[in-house]
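> Okay, predicted coordinates and the sequence, questions at the end:
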Amino acid sequence: MTQHKLTDRPAWKALQAHHRKIRRTHLKRMFSQDKQRGERLVLEALGIHLDYSKNRITDETLGLLFQLAEECGLRSHIDAMFRGDKINRTENRAVLHTALRAPKGKSIVVDGHDVVPQVHAVLDKMADLAHRVRGGAWTGHTGKRIRNVINVGIGGSDLGPVMAYEALRHYSQRDMTFRFVSNVDGTDFAEAVQALDPAETLFVISSKTFTTLETMTNAHTARDWSLKGFGGDPASVAKHFVAVSTNAKEVAAFGIDTANMFEFWDWVGGRYSMDSAIGLSTMIAIGPENFHLMLAGFHAMDEHFRTAPFERNLPVLLALLTVWYTDFFDAQTVAVLPYDQYLKRLPAYLQQLTMESNGKHVTLEGAHVDYNTSPIYWGEPGTNGQHSFYQLIHQGTRLIPCDFIAFGQTLNPLGRHHDILLANVFAQSEALAFGKTPKQVEAEGTPEWLVPHRVFEGNRPSNTIMIKRLTPETLGMLIALYEHSVFTQGAIWNIDSFDQWGVELGKALAQKIVPEIESTKEPKLKHDSSTNNLIRLARHLKQ
Ligand code: G6Q
C-alpha cells in the first residue's frame with residue numbers, strides 16, 4: 001500500500017495557500033467583521049467551555065483542518081486505538097490507556113483476553129490497600145499507623161502521580177504526608193525523608209520495568225533507610241514497601257512480596273499510566289471514591305473523543321489548532337497557562353505527554369518527515385508567569401499560542417482573590433489578541449520616543465478553557481483532553497506517538513559510564529575526548 005505523504009495531501013496544499021492569504025489578517029479585524037465571533041467559535045462539551053475565537057482562523061481554515069483530519073484517516077486511527085490494535089508499531093503493542101477507565105462490564109480484548117476484568121481486579125486491590133492505609137488498619141512493622149506515603153518512580157511513573165496529587169490536594173487526606181522521589185540525585189531522597197519516622201512510612205516503588213536505574217537506586221536507598229529504623233529486620237519490608245510494576249520477577253528479587261505488588265500491563269505506556277496502579281499514591285491520597293470519579297472523568301472524555309463529530313470534538317479541535325500553528329505558522333512552542341495553583345505541575349506533566357509522544361522525526365514507515373512535529377510545551381501557573389516570561393509572549397519576536405485554563409469557582413474562597421485571578425486570565429488573552437496601537441499609546445500621553453516600546457502588536461492567539469470547578473472528575477477530563485489531542489496530532493503527522501527510543505537511549509548510555517566513575521583503578525576510557533575528560537575530572541573532584 002502506498003502511504004500518502006502528508007505534504008502532498010490536497011487539504012495540506014490548500015492550507016498552505018490559505019495560510020498565505022490570511023497570515024497577516026489581524027484578530028481585531030476578524031472580530032470586527034463578525035460581531036458574534038466570541039460566541040460562535042466556542043465549543044461546549046462535558047461542562048468544558050473551549051473559547052477558540054482568539055485564534056488566527058476563519059471558517060475556511062477550520063473546514064480545511066477538518067478535511068485534513070479526514071484525509072489522514074483520523075476516524076479509523078481512533079477506532080484502531082479503542083479496539084486495541086497494535087498501533088504502537090515499533091514496540092508491537094496495543095495502546096489501551098482508555099481501557100484503564102472503562103467501566104465494569106465493558107469488554108476490550110487484547111491477544112484473546114478481555115482486559116477490563118483485570119483492570120477492575122487491580123483497582124479493587126488498590127482500593128483495599130488505600131482503605132486500610134487511610135483508615136489505619138494497615139500498620140507498620142512496630143504497629144504504628146502509616147502517616148507518610150512516598151512514591152518512588154521517574155518519568156511516567158512519577159509525573160502523573162505528582163501532578164494528580166498536587167491537583168487534587170484539596171481532596172486528600174490531610175493528616176497524611178505524600179512525597180515523591182524521582183531524581184537519582186541523592187538530594188531528592190534525602191529531602192523527601194527529612195523528619196519522617198520509618199515506622200510510619202510506606203514506600204510505593206513504581207516502575208513498569210522495575211529495572212530503571214534511578215528508581216532502583218532510590219528504592220535500594222529507601223530500603224536501607226527503612227531497615228535501619230527497625231534494626232535491620234527484613235520482616236519489616238512487607239509492611240513498608242509495596243510495588244507497582246509489570247515485572248513480578250524483579251519485584252520478588254528486590255524482596256517485595258508479590259502479594260503487595262499491583263500489576264499493570266505492557267499496553268499501558270508510562271506517560272499514559274496515571275490511571276493504572278501507578279496511581280496508587282493518588283488513590284491513597286484522595287480515596288478510592290474520588291479516584292473512581294477521576295476515572296469517570298477520563299472515560300467521559302474518551303467517549304466524547306470517540307463519538308463526537310470532529311467539528312464538535314474538543315481534543316480534535318485543540319489538536320488541529322496546534323497543527324495549524326506548528327506547521328503553517330512555524331510556531332515552535334505552546335504555552336500552557338493554568339490559572340489555578342493546584343495545577344502547578346500540569347505543565348511539567350504535559351511536557352512529557354506531548355513531547356515524548358510526538359517528538360519524532362520519522363513517519364510510521366520510517367521516512368524522515370518534511371514538516372514540524374511536536375511543538376515544545378511549557379508553562380507556569382498564572383498569575384505568576386505574568387510577572388516574568390509573559391513579556392516575551394506579548395512583545396517578543398516569536399508566535400506563542402497559549403492555552404489558558406481557568407475555573408469558574410475556586411476551592412478556596414478568600415475575599416476577592418478569585419475575581420482578581422479570573423480578571424487576569426481574561427485581560428491577558430484580550431491584550432494578546434488585540435494589542436495596543438501607537439495611536440492608543442500616544443493618546444495616553446506617552447512621549448513620542450517611548451511609543452514604540454509601549455506598542456503591543458497583538459494578533460497573538462490563545463485558547464481559553466473554562467471549567468466550573470476543579471474536581472477529580474474534571475481533572476480526568478482535562479488530562480484526557482490533552483491525551484487525545486496528542487493522539488490526533490500524531491495521527492495527522494503519521495508518527496508513532498507511543499514509543500520513546502530517545503528515552504531508552506539515555507537509560508543505556510549512563511549504565512556504561514557509572515563503572516568508569518566508580519572504578520578504583522584508572523579506567524580505560526574509549527569515549528570522545530570531551531567525555532573522557534569529563535569523566536577524569538569527576539574522578540579527580542571526588543577526592
Ligand atoms: C514514559 C517513558 C518514561 C518511563 C520512565 C520510567 O512513557 O517511557 O518516562 O515512564 O522511564 O520507567 P519505569 O516505569 O519502567 O521505571
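Everything's here; your move.
> near the ligand, which residues of the stretch 201-350 of the chain?
S207, K208, T209, T212, T215, G269, G270, R271 (C-beta under 6 Å from any ligand atom). C-beta here means a position set from N, CA and C on the backbone, and glycine is covered the same way.
> which residues touch the residue of the stretch 251-400 of the chain found nearest the ligand?
Proximity to the ligand, evaluated over the stretch 251-400 of the chain using C-beta to the nearest ligand atom, is greatest for G270 at 2.4 Å. Contact analysis of G270 by C-beta atoms under 8 Å, 6 or more residues apart in numbering lists G155, G156, S157, K208, Q500.
> make it 6 Å
Contacts for G270 were tallied using C-beta atoms under 6 Å, 6 or more residues apart in numbering; they are G155, G156, K208.
> follow-up on the earlier one: any quick ChimeraX command for the buried ones out of the residues of the stretch 201-350 of the chain next to the ligand?
Remark: buried members of these, expressed as a ChimeraX selection using 16 or more other C-beta atoms under 10 Å:
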select :207,208,212,215,269,270,271
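> Show me the residues of the stretch 201-350 of the chain next to the ligand that map onto helices.
T215 (DSSP state H).
> need the residues of the stretch 201-350 of the chain next to the ligand in a markdown table with distance to R134, can you?
Formatted as a markdown table, those follow (distance: C-beta to C-beta, whole Å):
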| residue | distance to R134 |
| --- | --- |
| S207 | 24 |
| K208 | 25 |
| T209 | 29 |
| T212 | 28 |
| T215 | 25 |
| G269 | 29 |
| G270 | 27 |
| R271 | 27 |
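> N151 in helix, strand or coil?
The assignment at N151 comes out as strand when based on DSSP: H, G, I helix; E, B strand; the rest coil.
> repeat for E483
Put simply, E483 is helix when judged by three-state DSSP.
> does the helix or strand hosting G160 come close to the ligand?
Element membership for G160, per DSSP states H and E: helix 159-167. No: if you take C-beta under 6 Å from any ligand atom as the test, helix 159-167 misses the ligand, and the best it gets is 7.5 Å.
> by contact count, what packs against the one helix or strand in the chain whose mean pLDDT sits lowest?
The helix or strand of the chain with the poorest confidence is helix 501-518; it has a mean of 88 (mean pLDDT, DSSP states H and E). For helix 501-518, not one helix or strand is in contact under the criterion 3 or more C-beta pairs under 6 Å, 6 or more residues apart in numbering; DSSP states H and E.
> thinking again about what came up before, for whichever helix or strand comes after the helix holding G160, packing partners?
Sequence-wise, the next helix or strand downstream of helix 159-167 (DSSP H and E) is strand 177-181. Contacts defined by 3+ C-beta pairs under 6 Å, 6+ apart place strand 177-181 against strand 148-152, helix 186-192.
> And the average pLDDT for the last one is what?
The reference is to helix 186-192. Averaging pLDDT along helix 186-192 gives 98.
> for stretch 357-365, same thing?
Stretch 357-365 comes out at a mean pLDDT of 98.
> quick one: buried residues of that stretch?
For stretch 357-365, a neighbour-count test (16+ other C-beta under 10 Å) marks S357, N358, G359, K360, T363, L364 as buried.
> what does stretch 71-89 give?
Result for stretch 71-89 [16+ other C-beta under 10 Å]: buried residues C72, L74, H77, I78, A80, M81, F82, G84, D85, I87, N88.
> just to revisit the earlier point, could you give the angle of the helix holding G160 to strand 148-152?
Interaxial angle of helix 159-167 relative to strand 148-152 (axes from the mean of the first three to the mean of the last three C-alpha atoms, to 10 degrees): 150 degrees.
> ok and helix 159-167 relative to strand 177-181, angle-wise?
150 degrees.
> I'd like to check what contacts helix 159-167. Which residues are they?
Contacts to helix 159-167, defined as C-beta under 6 Å, 6+ apart, come from residues 151, 178, 180, 274, 281-282, 285, 342-346, 349, 352, 475.
> Could the C-alpha coordinates of it be exported in CSV?
The C-alpha trace of helix 159-167 is given here as CSV (Å, rounded to 0.1, in the frame of the first residue of the first chain):
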residue,chain,number,x,y,z
LEU,A,159,4.9,12.9,36.8
GLY,A,160,1.3,11.7,36.8
PRO,A,161,1.2,10.8,40.5
VAL,A,162,2.9,14.2,41.5
MET,A,163,0.7,16.2,39.2
ALA,A,164,-2.5,14.4,40.3
TYR,A,165,-1.6,14.7,44.0
GLU,A,166,-0.9,18.4,43.7
ALA,A,167,-4.0,19.0,41.6
